[in-house]
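1. give me a model of this one.
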Amino acid sequence: MSGNVQKSLFDKILIANRGEIACRVMRTAKRMGIKTVAIYSEADARSMHVRMADEAYCVGGPKSQDSYLQMNRILDVALKSGAQAIHPGYGFLSENAKFVDMVESKGIKFIGPSSFPMNAMGDKINSKKIAKDANCFVIPGFEGEVENETRAVQLAKEIGYPVMIKASAGGGGKGMRVAYNDAEVHEAFSLCKNEAMSSFGDDRMLIERFIEDPHHIEIQVIADAHGNVAAFPERECSVQRRNQKVVEEAPSCLIDPETRKNMQNQAIALCKAVGYRSAGTIEMLCDNNKNFYFLEMNTRLQVEHPITEMISGEDLVELMIRVAAGEKLPQRFLDSPHVPFNGWAIESRVYAEDPLRNFLPSIGPLNTYVEPPALDHEGNVVRIDTGVFEGGVISMYYDPMIAKLCTRANDRPTAIALMDAALSRYVVDGLGNNMCFLQSIMRNESFRNGTYGTKFIGLEYPTGFHGVDLNPEETTELVATAAAMHHATLLVRSGNDMVEEIKEQTFVAVLGGQEGVPYRVTIGQEEGGYMDIDVTPMKEGAAGGGSLTVMGLDYSPGARFARVFLDKEIPDGPVTVSNEYLANGSEFGMETDPDSELKDTAVEVLQIEAKTVEGYRLRYKGSQQEVLIRTELEHEMSAHMRPPEKKDFSNMLRCPMPGTLVSVDVEPGQHVVEGQELAVVEAMKMQNILRATKNAVIKSVSCKAGANLKTDQVILEYES
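-> Take a look at the predicted model:
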């Protein structure tokens, strides 16, 4: 990061945002000796950013329009608190030129660009014209605002399908849809306009050619008020779902030094063309032949900025503050505007959403929240940027992000391995989250090879995410460890130490719950107190099976983690680093003694998500599994048990997530066909269309537009 601070540039700044980005800005401000002022909505009264700030003021109700978008109220707080500058974070008012003018008219510094370049580049319609004039490569499309659906269809035909329909203002994947035909243009246009107005207060739309499966590449820039601009190495942001980034990395596997320099030069030229000041990002689309096109410019700090910091050693928030105070960029940037980098960094966005239910948002309390240990050792880094805490709440009113988990290493494979290990040690209990999906990405061959584009999720998960599939060796380890945990629990209850006098025992471990696959597991004692475990599938063709030796089991009943030391070879390289990370941590009952014979042993970590009546619900390498542990007699008798009753909801349309019912598009007695739009629910600022799953007749409608719905609440019923 930037060097030590000699004096404060401002005495006090206000952060006009919430959540993790507000906390992120506060951390740098505090390090610089600057006091911080927070604003918050009624829903955020107990939030982390409020607790971190030196002062905090409520600015309105839970909805963004009533609080975080209330410019006059925020400005009143800045004046009342004596804040000398305002940092907008990202989203909300971060790209609102009117707000910038209001702030500066009161003699308060805006920690971001002035209104002119913000207007010029924040408007996607206008920015394309400016980029073209600055000799940047631009995507073919209509250069102007699209007034209505009819005009959108006409333009789409002229441009050629597929097309991208998107809001002129804002970003973050909101107000954006891809259309492949006239009908999809009609549908997407209205949805995008509604989302844009809800999120940004601006529903102007543009339309352009959609480039199939490109790489989404972006160049971070920093510019001062003296005409100096520096460009950082690229970020690869191609792992996206619904145009929302999920995993980012820096640098990109695709980009070579020559292409990188060309991208940086165009980014610098564009900034100079509009007199840009502060941090910003030029987003580009790049095909596999390294042909790249200007997409848009975000005139703010990006969500994924940490990975740029981690490979460059710079603090972008500090640079923004210094630029806002009138300082020139550091001399190192003036000497070389192409910022060098070292190593590789990856960011995973941890969201409160359920990937097993088509990534539907999840809201509610964080009953248990345990972050993976931070790390900064020999170039290996684990960083967590968050704005939540255990006992806090993920609200329906805002983005469902829980945290940004970032890793950095000297090479890409190690950064991936470290990310996988960190996800294994991340606990979120009480609401759905996407960590298993993130681990699935880390395990994916295309991602590991770096041979992926923006179609990655669609190609690799064509029917959605259905969980992580373990290989046979991993299956054996999971089954064996679950049985060993049960064995250890029995020994603790009987008063025996698990390492001494372990008697041979045989269990049946059923992987997958009541209707799962049974394995016979025999646990015996080996010389030295190790456990020798034999696993045998009891169903023909089942995966896994074999023998393994457990050299140590770190587990106690009621714990959230189990750590198992296995007698298997640790290959040199990335696995060595991740193994060391898994081998230590305060959440375990014992530390690994550096002089212990276990220090060079392969380590695996399991999360115990719940203790069930007959066993455990576990997470291992991203795979969530219920494992039942029985005696052989109990398993034999289980065949005579009545199966659990299954409820039939096939004649109901239920709300898949908490949200607001925007519209109901059918009425009782109406005939509908499979795929027909029935209702629209808005959650986390995104509108979701609910469609008929079959041809049917509507029997009744239970809810009206405007209703706040709970998960699984019945909206309507079909005739039987």
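
2. now stretch 14-31: average pLDDT?
-> Stretch 14-31 comes out with an average pLDDT of 98.

3. equivalent analysis for stretch 283-295, please.
-> Averaging pLDDT residue by residue across stretch 283-295 gives 93.

4. from the chain's centroid, how far away is it?
-> Between the centre of stretch 283-295 and the centre of its host chain there is 24 Å, according to C-alpha atoms, centre = their mean, to the nearest Å.

5. residues touching it, excluding its own?
-> Contacts of stretch 283-295 with the rest of the structure, by C-beta atoms under 8 Å, 6 or more residues apart in numbering, involve 128, 131, 136-139, 211, 214-219, 237, 254-256, 259, 262-263, 266, 270, 282, 296-298, 453. In short, each C-beta sits where N, CA and C put it, glycine included.

6. how far does it stretch from start to finish?
-> The separation between the terminal residues of stretch 283-295, taken as C-alpha to C-alpha, to the nearest Å, is 5 Å.

7. pull out the buried positions in it.
-> By neighbour count with 16 or more other C-beta atoms under 10 Å, stretch 283-295 contains the buried residues Glu283, Met284, Leu285, Cys286, Lys290, Phe292, Tyr293, Phe294, Leu295.

8. and for stretch 228-244?
-> The neighbour-count criterion (16+ other C-beta under 10 Å) identifies 228-241, 243-244 as the buried residues of stretch 228-244.

9. between those, which is closest to Thr522?
-> The shortest gap between Thr522 and any of these belongs to Val239, at 42.5 Å (C-beta to C-beta).

10. quickly find the element holding the closest one.
-> Under the criterion of DSSP states H and E, Val239 resides in strand 229-241.

11. pull the distance from the lowest-mean-pLDDT helix or strand in the chain to the chain's centre.
-> Within the chain, confidence by mean pLDDT, DSSP states H and E is lowest for strand 360-361 among all helices and strands, at a mean of 82. How far strand 360-361 lies from its chain's middle: 13 Å, per C-alpha atoms, centre = their mean.

12. C-terminal to that strand, what's the next element?
-> Past strand 360-361, further along toward the C-terminus, the next helix or strand under DSSP H and E is strand 364-365.

13. centre of the chain to that next one, how far?
-> Centre-to-centre, strand 364-365 and its host chain are 18 Å apart (C-alpha atoms, centre = their mean).

14. partners of the following helix or strand past that strand, with directions?
-> Reading on from strand 364-365 to the C-terminus, the next helix or strand found by DSSP H and E is strand 368-370. Each strand that pairs with strand 368-370, with its direction, by DSSP bridges: strand 427-429 (antiparallel).

15. which residues does the strand it pairs with contact?
-> The contact list for strand 427-429, computed with C-beta under 8 Å, 6+ apart, reads Val350, Ala352, Leu366, Asn367, Thr368, Tyr369, Val370, Ile402, Met435, Arg560, Gln607, Glu609.

16. and the residues you listed, which is closest to Ser663?
-> In terms of C-beta to C-beta, no member of these lies closer to Ser663 than Ala352, at 24.9 Å.

17. wouldn't that closest one be in contact with Phe359 here?
-> No - using C-beta atoms under 8 Å, Ala352 and Phe359 do not qualify as a contacting pair, with a distance of 10.6 Å.

18. follow-up on the earlier one: and the strand holding Val239, what does it pack onto?
-> Counting contacts by 3 or more C-beta pairs under 8 Å, 6 or more residues apart in numbering; DSSP states H and E, strand 229-241 packs against strand 215-223, strand 244-250, helix 257-274, helix 305-312, helix 456-460.

19. just the mean pLDDT for it, thanks.
-> Strand 229-241 shows a mean pLDDT of 97 in the predicted model.

20. over to stretch 157-166?
-> Summarised as a single mean, pLDDT over stretch 157-166 is 91.

21. also stretch 373-387?
-> Across stretch 373-387, pLDDT averages out at 95.

22. next one: that stretch to chain centre, how far?
-> For stretch 373-387, the separation from the chain centroid amounts to 16 Å (computed by C-alpha atoms, centre = their mean).

23. could I get the buried residue list for that stretch?
-> For stretch 373-387, the buried set under the neighbour-count rule, 16+ other C-beta under 10 Å, comprises Leu375, Asn380, Val381, Val382, Arg383, Ile384, Asp385, Thr386, Gly387.

24. those residues into CSV, with extra columns for secondary structure and distance to Ser440?
-> Written out in CSV, the entries for the buried residues of stretch 373-387 read as follows (DSSP: H, G, I helix; E, B strand; the rest coil; distance: C-beta to C-beta, whole Å):
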residue, secondary structure, distance to Ser440
Leu375, strand, 23
Asn380, strand, 23
Val381, strand, 23
Val382, strand, 19
Arg383, strand, 22
Ile384, strand, 20
Asp385, strand, 22
Thr386, strand, 22
Gly387, coil, 25
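
25. residues in contact with stretch 32-40: which ones?
-> With C-beta under 8 Å, 6+ apart as the contact definition, stretch 32-40 has outside contacts at 5, 7-16, 18, 22, 25-26, 29-30, 47, 49-50, 52-59, 67-68, 74, 77-78, 81, 83, 318, 321.

26. of those residues, just the buried ones, PyMOL syntax please.
-> The buried subset of these, as determined by 16+ other C-beta under 10 Å, is captured in PyMOL by this line:
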select buried, resi 8+9+10+12+13+14+15+16+18+22+25+26+29+47+49+50+52+53+55+56+57+58+59+67+68+74+77+78+81+83+318+321
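
27. tell me which of the contacts of stretch 32-40 fall in helices.
-> With helices identified by DSSP state H, the entries of those that belong to them are 22, 25-26, 29-30, 49-50, 52, 74, 77-78, 81, 318, 321.
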